[in-house]
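Peer 1: Build the 3D model from these lines:
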Amino acid sequence: MDVASIFETIMILCFGLSWPLSIVRSYRSRSTKGKSLMFMCFIVVGYLCGLISKIISHTYNLAFYFYFPNIILVCADIALYFRNKTIEKNERVK
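Peer 2: Next up, the predicted model:
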């Protein structure tokens, strides 16, 4: 594993560690305040582009495998965004 791969893996891990915290906050708050759907979608697109780059270049290092859980975590946060949007809408109706 070269130095660049080590730093890429650390970057992916650091990003990956932040998503569970964001998910817990979204779940508990039941609110979309402070969330940006567009931002989260750009993150998923970025992860997918990184993954595609790895596949095209046949670079299956450790970082490659961490893209998958990160994409899943961001998608979970996006799903919570829509759940929370529905909760907010229902609370306004009451």
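Peer 1: Report the central residue of the protein.
Peer 2: By Cα atoms, centre = their mean, the chain has its centre lying nearest to V74, at 2.5 Å.
Peer 1: Okay, now the unreliable bits of the chain?
Peer 2: Within the chain, the stretches with pLDDT under 70 are 94.
Peer 1: Now do the strands in it.
Peer 2: Counting by DSSP state E, no segments of the chain form strands.
Peer 1: how distant is the biggest helix by length in the chain from the center of its chain?
Peer 2: Taking DSSP state H as the assignment, the helix of the chain that covers the most residues is helix 62-93. How far helix 62-93 lies from its chain's middle: 8 Å, per Cα atoms, centre = their mean, to the nearest Å.
Peer 1: And stretch 86-94, by the same measure?
Peer 2: 26 Å.
Peer 1: Please list the outside residues in contact with it.
Peer 2: Contact with stretch 86-94 is made by 30-32, as judged by Cβ atoms under 8 Å, 6 or more residues apart in numbering. For the C-beta atoms, the positions are set from N, CA and C on the backbone; glycine is no exception.
Peer 1: quick one, what contacts the closest residue to G50 other than its chain neighbours?
Peer 2: Using Cβ to Cβ, 6 or more residues apart in numbering and skipping residues adjacent in sequence, the residue nearest G50 is Y67, 5.9 Å away. Applying Cβ under 8 Å, 6+ apart, we find Y67 in contact with 12, 47, 50-51, 54.
Peer 1: give me that answer again for 10 Å
Peer 2: For Y67, the contact set (Cβ atoms under 10 Å, 6 or more residues apart in numbering) comprises 12, 15-16, 46-54.
Peer 1: before we move on, what about S31?
Peer 2: Here S31 is in contact with 25, 81, 84-85, 87-88, 91 (Cβ under 10 Å, 6+ apart).
Peer 1: Isn't L62 up against D2?
Peer 2: No. Under the criterion of Cβ atoms under 10 Å, L62 is not in contact with D2, lying 11.4 Å apart.
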